[in-house]
Every structure is written in C-alpha cells, then in structure tokens.
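K.L.:
Here is a sequence with its predicted model. Questions after.
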Amino acid sequence: MFTRSGEPLPVQLAQDIYAIIEVAEGRDPYLLKLMISTAKARNSTVVRAIPGIETENQDW
C-alpha cells in the first residue's frame, strides 16, 4: 500500500510515529502539521442501522 504521495505506507507510518514521539518529548508541535489533511471532507456513504427503524434499500 502507498500513501497519496506515493510513499510506502509503512515508511509514512514510521515517520508519523516518530514525529508524535518528538512532540510528546517537547519538540515543536508544528511537526504534526504535515499529518493533518487539508483535503476537503468527502460525503459519507455509510448508513448506520438503528434497531427498530427500517430504511430503504437495506439488504440485511
């Protein structure tokens, strides 16, 4: 698996963990800024089932 920037996911995860640890040890919180997505939020297509309420097109 790869990130959106094409970097292998395990490499990006390791870098993010390292940055979190550095900030926890007192380094500049700016290091975390690169982990925060600036992309637009997408509309969710997840439908939660609520007991006792039927929804259209629920196939389970």
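P.N.:
Perfect, I can see it now.

K.L.:
I'd like the average pLDDT over the one helix or strand Ile17 maps to.
P.N.:
In this structure, Ile17 sits in helix 9-24 according to DSSP states H and E. On average, the pLDDT along helix 9-24 is 91.

K.L.:
Can you point out the buried residues in that helix?
P.N.:
By 16 or more other C-beta atoms under 10 Å, the buried positions in helix 9-24 come out as Gln12, Ala19. Quick note: C-beta positions are derived from backbone N, CA and C, even for glycine.

K.L.:
Using CSV, list the CA coordinates for that helix.
P.N.:
Provided in CSV are the C-alpha atoms of helix 9-24 (Å, rounded to 0.1, in the frame of the first residue of the first chain):
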residue,chain,number,x,y,z
LEU,A,9,2.6,3.2,3.9
PRO,A,10,4.9,1.6,6.5
VAL,A,11,7.5,4.3,5.9
GLN,A,12,4.9,7.1,6.3
LEU,A,13,3.5,5.4,9.5
ALA,A,14,7.0,5.2,11.0
GLN,A,15,7.7,8.9,10.2
ASP,A,16,4.4,9.9,11.8
ILE,A,17,5.0,7.9,14.9
TYR,A,18,8.5,9.4,15.2
ALA,A,19,7.0,12.9,14.9
ILE,A,20,4.4,12.2,17.5
ILE,A,21,7.0,11.0,20.0
GLU,A,22,9.2,14.0,19.3
VAL,A,23,6.3,16.4,20.1
ALA,A,24,5.4,14.4,23.2
